[in-house]
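> Any chance you could fold what I've pasted below:
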Amino acid sequence: MTVKKYKWVPVIEEYRCNGCRECVLACGPRCFEIVGNVAVLTKPDICGSEEHCIAPCPVGVIHMAWVEMEGDFDLQRGKWRNV
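Residues are numbered from 1 along each chain as shown. Now for the predicted structure:
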């Protein structure tokens, strides 16, 4: 039996993102980048799931969700990546 593993990470509604960079600036570990004028969580492995990126978004396109990942599940940190 395979057990799915998940991490609590910010998810961006890409089609509504205006590329303002507010989430990039608010993220202490620098997990976000602007790619093609859209915010992208490029480093989920270092995301601390602290939700600092949500409030600064002027268009409200960031929310937290449990996303299927691979990584160090005991520590909730480390080499995470989307499955």
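
> From now on I want contacts and neighbour counts done on CA atoms only, so please keep to that.
OK.

> ok, and the closest non-adjacent residue to Ser49?
Leaving aside its sequence neighbours, Ser49 sits nearest to Val9 (C-alpha to C-alpha, 6 or more residues apart in numbering; 5.4 Å).

> didn't that neighbour look like it was pressed against Glu68?
No - Val9 lies out of contact with Glu68 (C-alpha atoms under 8 Å); the separation is 9.9 Å.

> Shouldn't Ala39 be within a strand?
Yes - with DSSP: H, G, I helix; E, B strand; the rest coil as the criterion, Ala39 is assigned to a strand.

> What are the phi and psi values at Cys57?
Main-chain torsions, Cys57, degrees, to the nearest 10: phi -70, psi 110.

> all helices of the chain, in order?
Under the criterion DSSP state H, helices of the chain are mapped to 22-26.

> Kindly state the beta-bridge partners for the residue nearest to Ser49.
Ala65 (DSSP bridges).

> List the residue ranges of this protein that fall below the pLDDT cut-off.
Low-confidence segments of the chain, defined by pLDDT under 70: 1-4, 71-83.

> any idea which residue sits dead centre in it?
Among the residues of the chain, the one closest to the centroid is Pro10, at 3.6 Å (C-alpha atoms, centre = their mean).

> which non-adjacent residue is nearest that residue?
Excluding its sequence neighbours, the residue lying closest to Pro10 (C-alpha to C-alpha, 6+ apart) is Met64, at 4.4 Å.

> check contacts around the nearest residue to Cys23 once chain neighbours are set aside.
The shortest distance from Cys23 to any non-neighbouring residue, by C-alpha to C-alpha, 6+ apart, is to Cys53 (4.6 Å). Residues near Cys53 by C-alpha atoms under 8 Å, 6 or more residues apart in numbering: Pro10, Glu22, Cys23, Val24, Ala26, Cys27, Ile62.
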